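Participant: sequence first, then the predicted structure:
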Amino acid sequence: MIPELGHFALILTFVLALAQGIVSLYGAWRGNLAWMAFARPAARWQFGLVAFSLLCLAWSFVSFDFSVAYVAQNSSTKLPLFYRIAAVWGGHEGSLLLWMFMQTGWAFAVSVYSRSLPEAMLARVLGVLGLITAGFLLFVLLSSNPFERMFPVPAEGLDLNTLLQDIGLIIHPPLLYMGYVGFSVAFAFAIAALLAGRLDASWARWSRPWTTSAWLFLTLGIAVGSWWAYYELGWGGWWFWDPVENSSFVPWLAGTALIHSLAVTEKRGSFKNWTVLLAISTFSLSILGAFLVRSGVLTSVHAFATDPARGVFILSLFAVIVGSSLILFAWRAPRVGAGGQFAVVSRESLLLVNNVLLVVVTGTVLLGTLYPLIMDSLGLGKISVGPPYFNKVFVPLMIPALVLIVFGVLANWKRANVLDLVRQLALVIVFSVVLGAAIPLLYGQWQGTAALGAGLAVWIVLGSLFDVVKRVRATRSGVFSQPRSWLGQHLAHMGVAVFVLGVTMVSHYETETDVLLQPGQTAQVGAYDARFQGVHIVPGPNFSAERGTVELLRDGKVVATLYPENRTYLSSALPMTESAINTNGLRHIYVALGDKYDQGVWSVRLYYKPLVDFIWLGCLLMALGGGLAISDRRYRVKQTRTAVQNKAMNTHKQVQA
């Protein structure tokens, strides 16, 4: 009965989420504190029920309950225990249950850590989250039930997709969904502010740590997904501009713009309408990403489902959420004041330009992703939009955005002087040009675009350090005495710089060599020699592997031994590549084993990739910067209960007025 109990828990959650949405929003509208108070316990019960449901599904996997169709399709008796647990979210139905766990988890966190919010505001936020939860749960219950039974019960499962039998499955989806779903909180705060008619600095302050948290998780999720594809697929690329990869990158770009816009709204009361629109757009793009992955309109190794009926449901949900929120925005936006005034040159104007650039970049990536689908649906033929398009439109738009990072943090609010900014940054500009031009020389061949990328990275790092030193001197206190949100901002910007440097160097100076080798033969890779020592068979728990041995030599001495594999799983005749990587932090030697030919000859693919680790290090620094910003003291100060009640009464009076 465990699967039935898990299914029943989801039904109860749906009823409770629907009640939370209706009762909380109606209570906030009428100013009824008792009805508004229903939101907190309802949100907590939902989280508990979905957690119970997830545990029921996990138990079905652990106990080999192949009477559950989803378990039979994604597991087998040969699958190791930790992959059986990760298989809970390895397919469409289970991944949606994980999505609901994250959705209710965010609502639970809001109910616990938002005690400083006015009761009416909190009720509206949780009410909106409740309706979102109800919508997705309806999708799960009607078309994606993970507890559906099958008869007759098979003696053996079909096994987990061989691409997913990797530690990346354990880490990547939870992080990605935490980011996707987390933007629903930013969306809920924006809708709550529109419903209350209070688009002031307060709602931006309340929303900002939740938005940054979602952005942090999405950053880590994208980074882990990139690393997973890099070493698992054997292609040696860290990003392929795959349409499904783009479906997570697009909301990340919009979320980055939203974070910066929230900062301006909080500090200066400007960009109110723009910020709300970004909050709506970011969550809408997250739902659109879910549609692309789960509708079957895209063919990708990352896609989950190929059922058009499910795609129609998600598209309908997308239309309801986006349509209703835009109607509300159109109704409320004209009543919002312009906010703080600022000059043509000011921190506000520079952040606005940066925001516009990020939005344009988001649009171009989205266009490149959707254009082939639009052409195909109109019967105008099948076309493919690949890396050449994305690289040509993405890079030129990001260059001015990177330049503005330093000017944006140094410019004064309200009004700034261009000549004064240039004067302050004269040495930074000089060192950026000199070091940017010099770094490519370390790799033996100077290239102008490589120098540009390196110079931009140096520019961001030196500009951030300049601002840190300037503030420390002005305040006469240590670095760690400064506000954490300010420190987090600079750490995240330095992460961008490290990322840019890694992308630049690996894009311009990586080498790829495909060779046919017999045991004892060598091939050059970078400054090293790779000596092939042969292949032997290694059995695994549910696969058989052809494991190669490749010795890495420098000046005739063995410095490392690598073991690339070709695995053949019992459930699939298709071989899976397991690459082998040697790193010293400044470069990768990447080895992938190919096919076997006559007389013991094997094809071997060798890559030399300079500074590729900087790509993921940069993402980690961005996420750490976001975490540092979230921990800022002003987001952790709790107000007294009396203050909360006073705010609630004031809100009630405003609503009645």
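Facilitator: All right, it came through fine.
Participant: what residues does stretch 548-559 touch?
Facilitator: The list of residues contacting stretch 548-559 from outside it, by C-beta atoms under 8 Å, 6 or more residues apart in numbering, reads 522, 527-536, 560-565, 580, 582, 589, 591, 593, 602, 604. Glycine gets a C-beta too; all of them are placed from N, C-alpha and C.
Participant: what about that stretch, start to end distance?
Facilitator: Start-to-end span of stretch 548-559 (C-alpha to C-alpha, to the nearest Å) is 17 Å.
Participant: end to end on stretch 440-459, go ahead and measure it.
Facilitator: Using C-alpha to C-alpha, one end of stretch 440-459 lies 15 Å from the other.
Participant: check the offset of it from the chain's centre.
Facilitator: Distance, stretch centre to chain centre, for stretch 440-459: 28 Å (C-alpha atoms, centre = their mean, to the nearest Å).
Participant: now swap in stretch 460-478 and tell me
Facilitator: With C-alpha atoms, centre = their mean, you get 30 Å for stretch 460-478.
Participant: and that stretch, which residues are buried?
Facilitator: For stretch 460-478, a neighbour-count test (16 or more other C-beta atoms under 10 Å) marks 460-464, 466-468, 471 as buried.
Participant: in helices only, show me these.
Facilitator: 460-464, 466-468, 471 (DSSP state H).
Participant: let me know the closest of those to F108.
Facilitator: Using C-beta to C-beta, S464 comes nearest to F108 of these, at 35.8 Å.
Participant: and that closest one, what's its pLDDT?
Facilitator: Predicted confidence (pLDDT) for S464: 95.
Participant: please apply the same query to G534.
Facilitator: Looking at G534, its pLDDT reads 93.
Participant: hang on, it packs against V604?
Facilitator: No - between G534 and V604 there is no contact under C-beta atoms under 8 Å: 11.4 Å.
Participant: now L10: how far from M102?
Facilitator: 15 Å (C-beta to C-beta, to the nearest Å).
Participant: chain center to stretch 83-99, what's the gap?
Facilitator: Stretch 83-99 sits 18 Å away from the centroid of its parent chain (C-alpha atoms, centre = their mean).
Participant: what's the end-to-end length of it?
Facilitator: 19 Å.
Participant: what is the mean pLDDT for it?
Facilitator: 92.
Participant: need the contact partners of that stretch.
Facilitator: Against stretch 83-99 from outside (C-beta under 8 Å, 6+ apart): 10, 50, 53-54, 57-58, 61-62, 70, 73-75, 79, 136, 139-140, 144-146, 148, 160-161, 164-165, 169-170, 173-174, 177, 180-181, 290, 294, 304-305, 307, 310.
Participant: just stretch 450-461 next, same as before
Facilitator: Under the contact criterion C-beta under 8 Å, 6+ apart, stretch 450-461 has outside partners 399, 402-403, 405-406, 428-429, 431-433, 435-437, 439-440, 443, 493-494, 496-498, 500-501, 503-505, 508-509.
Participant: quick check on the residues you listed: which are buried?
Facilitator: Buried among those by 16+ other C-beta under 10 Å: 402, 405-406, 428, 432, 435-437, 439-440, 493-494, 496-498, 500-501, 503-505, 508-509.
Participant: only whichever of the contacts of stretch 83-99 are buried, select them in ChimeraX.
Facilitator: Command for ChimeraX that selects the buried part of these, burial taken from 16+ other C-beta under 10 Å:
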select :10,50,53,54,57,58,61,70,73,74,75,79,136,139,140,144,145,146,160,161,164,165,169,170,173,174,177,180,181,290,294,304,305,310
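Participant: same for the helix or strand containing S213, what does it pack against?
Facilitator: Applying DSSP states H and E as the criterion places S213 in helix 201-232. Applying 3 or more C-beta pairs under 8 Å, 6 or more residues apart in numbering; DSSP states H and E, one finds that helix 201-232 contacts helix 167-196, helix 243-268, helix 272-294, helix 613-630.
Participant: pipe these into JSON lines and attach distance to P334 and mean pLDDT per row.
Facilitator: As requested, those are exported to JSON lines (distance: least, C-beta to C-beta, whole Å; pLDDT from 0 to 100):
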{"stretch": "helix 167-196", "distance to P334": "12", "mean pLDDT": "92"}
{"stretch": "helix 243-268", "distance to P334": "18", "mean pLDDT": "92"}
{"stretch": "helix 272-294", "distance to P334": "9", "mean pLDDT": "89"}
{"stretch": "helix 613-630", "distance to P334": "33", "mean pLDDT": "96"}
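Participant: so which residues of the stretch 1-150 of the chain form helices?
Facilitator: For the stretch 1-150 of the chain, applying DSSP state H, counting those that start in this stretch gives helices covering 2-30, 33-36, 39-62, 69-74, 81-86, 92-113, 119-143.
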